[in-house]
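[1] Quick one, what's the 3D model for this:
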Amino acid sequence: MKKTIFTFLSFIISLSIVSAQKGIDFNKKYAAGGKLLMSVDSGAKNVYYSSIPPNQPNTYFNYLPEVSNLSIQIYFRKNINTQNYRYTILVDDKPLVVNKSIDKTQLKDVDMPDEVFSSTSLGTFAIKGKIITVLAYSIEKPQDIEKSVFYGKIIPKAKITRIAKLAVTNEGAKYSHLFISKSKTDIKFSEEDLQITVIKNKSDIDYLYYISIKDKKTDETILEPTPWQYGGYVEKHEHIPYLNIPKRVFKKSGEYEVIIRPFIKDHEPPKDIERYVTRHTLSITLEEESYSKKDLLVYGLIICAVFGAIAGALLTYVKKKEVKKLVQQYKEKEIVELQLSSVRSQLNPHFLFNALAGIQNLMNKNEIDNANKYLSKFARLTRNVLNNKELVSLAQEKTLLDDYLQMEQLRFGFSYEIKTNDNLDLENIEIPSMLLQPFVENAVKHGIASKNTEGKIEIAFSKNDNNLVLTVADNGKGFSADKKHEGLGLSLSKNRISLLNSIYKETPFVLAINSSDAGTKIDLTLTDWL
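    The predicted model follows:
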């Protein structure tokens with residue numbers, strides 16, 4: 001007999017909650033009445049289901065390491081209007097079904113405890129060694145997209161590639177990278193050290209892993225399970241999964257165990273779960289604990305002598321003030337970087353939801369070929385948008401804009417041109433990622449969308465002395481600067497530029513917007529950037 005697992009779908013509140021057949025509560029009232037029945041082949045002994053990673057609240061991860069075939073049926077309560085729902089199925093990130101509606105003619109009534117449901121099959125899929133992703137949403141709330149991932153590969157153990165230690169001295173903040181052995185790393189904290197950063201190898205499922213730390217002597221957990229800071233960076237140009245651990249976490253010298261494991265529900269004995277867990281020992285030495293009584297006596301005499309000299313006391317005071325100032329500057333920069341990350345996290349779904357609306361628009365107009373072309377561009381754009389790099393080359397930014405404009409051409413029919421100066425090295429000049437995309441999107445949606453083939457957009461990358469000048473111009477209807485109708489993307493971009501100026505104080509970003517009935521022109525100058 002086949003082993004059957006149910007994944008409940010609530011299209012409004014949550015998309016995927018999987019439970020064993022014995023655990024179903026048919027009396028529970030779901031917001032939309034929807035659910036997804038998943039059957040796996042009889043050879044599957046280990047199935048992990050309904051894992052919701054803390055840092056991906058709308059993603060539902062189902063791990064099927066021994067499953068060969070997966071069949072899916074969708075169920076609805078009888079009073080639900082199924083025509084309001086759409087779903088997309090991806091196999092290894094390639095579209096299999098796109099923005100498909102429910103075929104009412106295929107629905108069959110099924111009697112269940114206390115209620116009657118209607119159901120239809122979504123198909124049977126070979127899952128071994130593949131990733132099947134189901135995206136679903138209601139056309140009434142297209143922005144509320146939920147994702148279910150069915151992972152048919154073996155989840156690899158995470159690998160710690162490096163551990164970096166951050167110190168703040170009179171010369172400024174500095175990272176030092178420590179040697180990583182197979183089982184243990186020695187770390188000696190001085191007074192100047194602030195934290196260590198554990199750096200993991202990058203993978204497609206970084207969001208699934210979390211890290212905890214325990215004292216090996218007392219078996220006490222000193223750092224509760226924490227998701228990786230996915231997509232951030234430790235050094236300039238380095239975009240990797242990492243986690244900052246303040247020095248204060250380690251109360252005393254000794255050995256501590258770092259534990260990294262994927263966020264999957266446990267249905268196996270602990271010894272079997274261990275195959276997914278990475279363990280690494282940190283041997284911590286706190287410098288303030290390493291002094292002997294003799295050392296303390298010597299240091300005490302030296303300190304007394306130093307404080308006996310007025311000049312020495314003043315010099316010590318000045319140095320301490322400088323260190324505090326550097327620490328404060330570092331903390332302020334860290335806060336700004338977190339705010340920038342927050343703005344990016346709002347820009348990404350804003351772009352994705354607009355793009356999905358474009359796919360829906362083409363599908364509703366029955367332009368299937370254009371919808372497929374649009375989705376192909378959208379898949380590539382999604383990878384570029386979600387890589388969370390803060391800095392990208394001008395060449396990469398140009399490619400992203402080119403893909404986006406080609407995608408939107410399918411809907412609106414306008415023409416565009418991207419110009420670059422010959423004296424600009426596009427591959428080696430970097431700018432903050434997605435810097436121009438919201439301005440270009442605003443030009444399309446609020447400028448030339450209604451002009452069809454008469455619409456025109458011009459983008460230019462140019463050099464003015466040591467300044468990099470980025471320009472977006474359109475021949476749309478323009479807008480009044482006194483009215484707040486510029487769109488969420490433009491508003492977020494202005495906020496982002498303000499935050500960037502808090503970091504790049506020596507090379508400020510200057511934004512100029514000129515709009516009239518003849519069109520809109522936006523100039524963004526990166527001062528002394530070249």
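[2] my guess is residue 314 is in a helix, correct?
    Yes. When DSSP: H, G, I helix; E, B strand; the rest coil is applied, residue 314 is found to be in a helix.
[3] what number of residues lie near it?
    Neighbours of residue 314 under the rule other C-beta atoms under 10 Å: 10. The way it works is simple: take the backbone N, C-alpha and C, and place the C-beta from them, glycine included.
[4] From residue 302, how far off is it?
    17 Å (C-beta to C-beta, to the nearest Å).
[5] Could you list the domains of this protein?
    Structural domains assigned to the chain are 3-151, 160-290, 338-526, following automatic domain parsing.
[6] Spell out which residues sit in contact with the spatially closest residue to residue 284 that is not a sequence neighbour, please.
    Leaving aside its chain neighbours, residue 284 sits nearest to residue 250 (4.9 Å; criterion: C-beta to C-beta, 6 or more residues apart in numbering). Contact analysis of residue 250 by C-beta atoms under 8 Å, 6 or more residues apart in numbering lists 189, 222, 256, 284, 286.
[7] so the first one touches residue 252, yeah?
    No. Contact criterion C-beta atoms under 8 Å: residue 189 and residue 252 do not qualify, at 11.1 Å.
[8] Quick check: bridge partners of the residue nearest to residue 402 when sequence neighbours are not counted?
    Closest residue to residue 402 apart from its sequence neighbours, by C-beta to C-beta, 6+ apart: residue 418 at 6.4 Å. Beta-bridge pairing for residue 418 (DSSP bridges): residue 459.
[9] measure residue 418 to residue 436 for me?
    Distance from residue 418 to residue 436, by C-beta to C-beta: 10 Å.
[10] Can you give me the neighbour number for residue 59?
    Residue 59 has 18 neighbouring residues, counting by other C-beta under 10 Å.
[11] Let me see the contact set for it.
    52, 53, 147, 148, 149, 207.
[12] All the strands of the stretch 351-500 of the chain, residue numbers only.
    According to DSSP state E, counting those that start in this stretch, the stretch 351-500 of the chain carries its strands in the segments 391-393, 415-420, 430-432, 456-464, 467-474.
[13] how about the ones you listed in a markdown table, adding mean neighbour count, mean pLDDT and distance to residue 178?
    Output for the strands of the stretch 351-500 of the chain, formatted as a markdown table (neighbours: other C-beta atoms under 10 Å; pLDDT from 0 to 100; distance: least, C-beta to C-beta, whole Å):
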| stretch | mean neighbour count | mean pLDDT | distance to residue 178 |
| --- | --- | --- | --- |
| strand 391-393 | 17 | 86 | 25 |
| strand 415-420 | 14 | 94 | 42 |
| strand 430-432 | 20 | 89 | 28 |
| strand 456-464 | 18 | 95 | 40 |
| strand 467-474 | 21 | 95 | 37 |
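[14] Those strands: which one's closest to residue 450?
    Comparison of these against residue 450 by C-beta to C-beta identifies strand 467-474 as nearest, at 11.7 Å.
[15] what about that closest one, distance to the chain center?
    Distance, stretch centre to chain centre, for strand 467-474: 28 Å (C-alpha atoms, centre = their mean, to the nearest Å).
[16] From the contact counts, what lies against it?
    helix 437-443, strand 456-464, strand 519-526 (3 or more C-beta pairs under 8 Å, 6 or more residues apart in numbering; DSSP states H and E).
[17] Which among those is found nearest to residue 66?
    helix 437-443 (42.3 Å).
[18] any idea of the mean pLDDT in that closest one?
    Per-residue pLDDT values across helix 437-443 average out to 86.
[19] for it, packing partners?
    Using 3+ C-beta pairs under 8 Å, 6+ apart, helix 437-443 sits against helix 310-364, helix 394-412, strand 456-464, strand 467-474, helix 488-503, strand 519-526.
[20] Alpha carbons of the helix or strand hosting residue 89, as PDB, please.
    Element membership for residue 89, per DSSP states H and E: strand 85-91. C-alpha atoms of strand 85-91 as PDB (Å, rounded to 0.1, in the frame of the first residue of the first chain):
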ATOM      1  CA  TYR A  85      -6.800  30.600  -8.000                       C
ATOM      2  CA  ARG A  86      -3.700  30.200 -10.200                       C
ATOM      3  CA  TYR A  87      -0.700  27.900  -9.800                       C
ATOM      4  CA  THR A  88       2.700  27.500 -11.400                       C
ATOM      5  CA  ILE A  89       4.900  24.300 -11.300                       C
ATOM      6  CA  LEU A  90       8.700  24.500 -11.700                       C
ATOM      7  CA  VAL A  91      11.000  21.500 -12.100                       C
END
